[in-house]
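# coords please:
(2 chains)
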Amino acid sequence: MDILQSLMSGFATSLTFSNILAALVGAGLGIVIGAIPGLGSVTGVALLLPLTFQMDPITGIIMLGAVYYGCMYGGSYSAIMLNIPGDAPAVVTALDGYPLSKKGQAGKALFTANISSFIGGTIGIVMLTFMGAALAKIGLLFGPAEVAALVILALCSIGWLLGDSPKKGLVSTFIGIMLSMVGIGLAFGQPRFTFDSMYLLNGISFIPLVIGMFGFSQVLEMMVNRVDAAGLMTKLSLRESLLDRSELRSIIPTSLRSGVLGNLVGILPGAGATTGSFLAYVLEKKVGRHGAEMGTGRIEGVAASEAGNNAAAAGSFAPLLSLGIPGSGTAAVLLGGLMMWGVQPGPMLFQNSPDFVWGLISSMYLGNVMAVLAALAIIPFLVKLLRVPPAFMIPVIAVVCVVGSYSVNNSMFDVWFMLGAGVIAFFMNVAKYPVAPLLLAFVLTPRLETSLRQALDISRGDPSIFFGSPIATTLLSITLLFFLYPLIAKLVRALVKKRQLAK
Amino acid sequence: MEVEQSSERESLSWLPALVTIGIVIMGLCWAAFGIFKYGIWVNNGPGGGFFAAVAGIGAAALGIYEFFFSPVSAKPIGGRSLWPAAAMALAILCTPLLGMVLSMSLFILLWILLVEKKSWKQSIFTGIGAGVALYLLFGLWLKVPFPQGMFLEMLQ
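Below is the predicted model:
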């Protein structure tokens, strides 16, 4: 009851004309920034942080919260329409979003992304409202051993979940792990696989890699398969883009379970929205009714990924507010903003600055609603963009790839790297090696390496640390079950057949 | 035209094998560096080369298997598919001279005109429009410091 009263007082603080306007502007800007390849939510919030210096702290944080949500919505647009994920979590969205777009169902994919983002975001905020402090404590139960076990689970489910050939998916996963080794090693601080290049000391930059492997390789692919999008889109009206009742019924359960899982992953320090969206996708592929068809252009795939990453984004606020520990890169930038306004996040925040905290939480509801309204309003314009013929799309997308990869570090090296990655990804596609496992392994491996090293440092090299913790043991058991499942299923089928024959 | 296309396809049919060989070589290099240079087990825990060695050996082993036991039928492609990469490489090489915005505008203009064989009007309109959009969005709003190029610097 106290929580509800506090939330209502938060709404009383946040629901003013200037705050609603700030949320709307923030959501719109966030969607635009999120949709531009190369600029994710971290960049979006960091870019707009100085704009909020002059504002009242509550208005400022409302605007930044809306920018954050807007970016999470916008990240999926370029993934769905152009196969260029706007940010890392959108890599998973592209797996089903782009095939849907190729089938002429870009409108449906965009609607699904928006609705499931809204559901995922709402689940995240509701859980933050009622269980914020408790969730943050659960997050603290995840030490290095538990995080390592979680990432092992995520990594082991990549290769054989994506692509027609599990062996090729596994090879791609290994390549992703190898590429993530480039740069200064996290455990020992030694440069690895840099080939004496100063550009590689900080490791391979993810955004140029993802733009090249998804976006530029797509440009090369378009030269081979010239599908005239105008032909596909002529039939596509806004009305046809809306989801019908059966489609809505199909994505709502997906969004709900993905939202809960994404939120739980989001509260873990360092796990982030990418892990959230990926694990939600894995869960849907395992338990969803259309799991087997995911990856070929199913709205459930888009829904799982988007609900997972938006819920994770909300989840990352729980440790930020309750413990002062940012759960993601964007949350770290927001932490800087909060400190700039003289607010010190941590266990005392709820007692010392209740107006601010509940104003912030209520503003997240506001930001989420504004973001979904702005996102839905934009769809007709986005769908029209897809009518542009390939003759114009090819050079324009190629230029977007170059500019997007340059703008990450303002480095021409990144541009050349993107170009090379694009050509290599195209060759890999020709040889039927899937690219998505490579990128997911690239993101997840550094977390695994750090956590594994920390866990074994704590136990002085004793691997029993993974079996002493119930959470780690459970996660490792699930991983083992994933591996053994096909074998067990085969055995059970054989036994059943034998019994039937005996009867 | 048919003959041309099929010969192009045949000429690139070796590509999957080449990709697999590249993966095997990369895997072996990573494994060797991981084991011998960075160490796989250091101070009671995984060394800097642990993951490189595991992934390298895995990739090389699976790559060898794919090469010998799983022949790949390549998707039909032609050399034309690499044109955007070659043209873009040229445009990037022009960046120190013309600057990023001008190089990219010219790339779009010339591509639409010469490769896509569209009209002058369409090419110029798209090239200049894209250049202005790039400048406004990235240069002015997001303050991305694009290389200006010697040409613009001389004019200034």
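# so where is chain B shaky, pLDDT-wise?
Residue ranges of chain B with pLDDT under 70: B:1-12, B:71-79.
# in it, what residue comes closest to chain A?
Here chain B gets closest to chain A at one residue, B:Asn44, 2.6 Å apart by Cβ to the nearest Cβ. Every C-beta, even on glycine, is put in place using the N, C-alpha and C of the backbone.
# let me see the contact set for that residue.
A:456-457, A:460-461 (Cβ atoms under 8 Å, 6 or more residues apart in numbering or on different chains).
# so which of the residues you listed also contact chain B?
By Cβ under 8 Å from any Cβ of the partner chain, the members of the contacts of B:Asn44 lying near chain B are A:456-457, A:460-461.
# after the strand or helix carrying A:Ala377 comes which helix or strand?
Element membership for A:Ala377 (DSSP states H and E) is helix A:354-385. Counting by DSSP H and E, the next helix or strand C-terminal to helix A:354-385 is helix A:390-409.
# which elements pack onto that following helix?
Applying 3 or more Cβ pairs under 8 Å, 6 or more residues apart in numbering or on different chains; DSSP states H and E, we find helix A:390-409 packed against helix A:206-210, helix A:217-224, helix A:412-430, helix B:83-98, helix B:100-110, helix B:120-134.
# check the offset of the one helix or strand A:Phe482 maps to from the chain's centre.
Assigned by DSSP H and E, A:Phe482 belongs to helix A:470-502. Put simply, helix A:470-502 sits 30 Å off its chain's centre (Cα atoms, centre = their mean, to the nearest Å).
# stretch A:41-61 too?
With Cα atoms, centre = their mean, you get 22 Å for stretch A:41-61.
# now swap in stretch A:126-142 and tell me
So, by Cα atoms, centre = their mean, the centroid of stretch A:126-142 is 20 Å from its chain's centroid.
# if we can go back for a sec, most surrounded residue in the ones next to chain B among the contacts of B:Asn44?
Greatest neighbour count in those, by other Cβ atoms under 10 Å in any protein chain shown, goes to A:Leu456: 23 neighbours.
# now for the spatially closest residue to that one that is not a sequence neighbour, how many residues are close by?
Closest residue to A:Leu456 apart from its sequence neighbours, by Cβ to Cβ, 6 or more residues apart in numbering or on different chains: B:Gly45 at 3.7 Å. For B:Gly45, the neighbour count with other Cβ under 10 Å is 19.
# might you report the residue contacts of B:Gly45?
So B:Gly45 contacts A:187, A:452-453, A:456-457, A:461 (Cβ under 8 Å, 6+ apart).
# among those, which one has the lowest pLDDT?
pLDDT across the contacts of B:Gly45 is lowest for A:Ala187, at 70.
# contact residues of the stretch 101-250 of chain A facing chain B?
Counting by Cβ under 8 Å from any Cβ, the residues of the stretch 101-250 of chain A near chain B are A:165, A:167-168, A:170-171, A:173-175, A:177-178, A:180-181, A:185, A:187-188, A:190, A:192-193, A:216, A:219-221, A:223-224.
# just the buried ones from these?
Buried by 16 or more other Cβ atoms under 10 Å in any protein chain shown: A:165, A:167-168, A:170-171, A:173-175, A:177-178, A:180-181, A:185, A:187, A:192-193, A:216, A:219-221, A:223, out of those.
# and the gap between the residue of chain A at minimum distance from chain B and B:Phe51?
Closest residue of chain A to chain B, Cβ to the nearest Cβ: A:Gly461 (2.6 Å). Distance, A:Gly461 to B:Phe51, by Cβ to Cβ, to the nearest Å: 17 Å.
# cool, A:Pro208 as well?
Distance, A:Pro208 to B:Phe51, using Cβ to Cβ: 22 Å.
# which of those two has more neighbours?
Taking other Cβ under 10 Å, A:Pro208 and B:Phe51 do not tie; A:Pro208 has more neighbours (30 against 26).
# OK, contacts around that one?
Counted by Cβ under 8 Å, 6+ apart, A:Pro208 has contacts A:38, A:405, A:408, A:414-415, A:417-418, A:421.
# got a markdown table for those residues, with neighbour count and pLDDT too?
A markdown table is the format used below for the contacts of A:Pro208 (neighbours: other Cβ atoms under 10 Å in any protein chain shown; pLDDT from 0 to 100):
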| residue | neighbour count | pLDDT |
| --- | --- | --- |
| A:Gly38 | 31 | 63 |
| A:Ser405 | 31 | 87 |
| A:Val408 | 21 | 81 |
| A:Asp414 | 25 | 93 |
| A:Val415 | 24 | 95 |
| A:Phe417 | 20 | 95 |
| A:Met418 | 30 | 94 |
| A:Ala421 | 25 | 95 |
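# looking at the residues you listed, which one is closest to B:Ile64?
Of all the contacts of A:Pro208, B:Ile64 sits closest to A:Ala421, with 24.4 Å by Cβ to Cβ.
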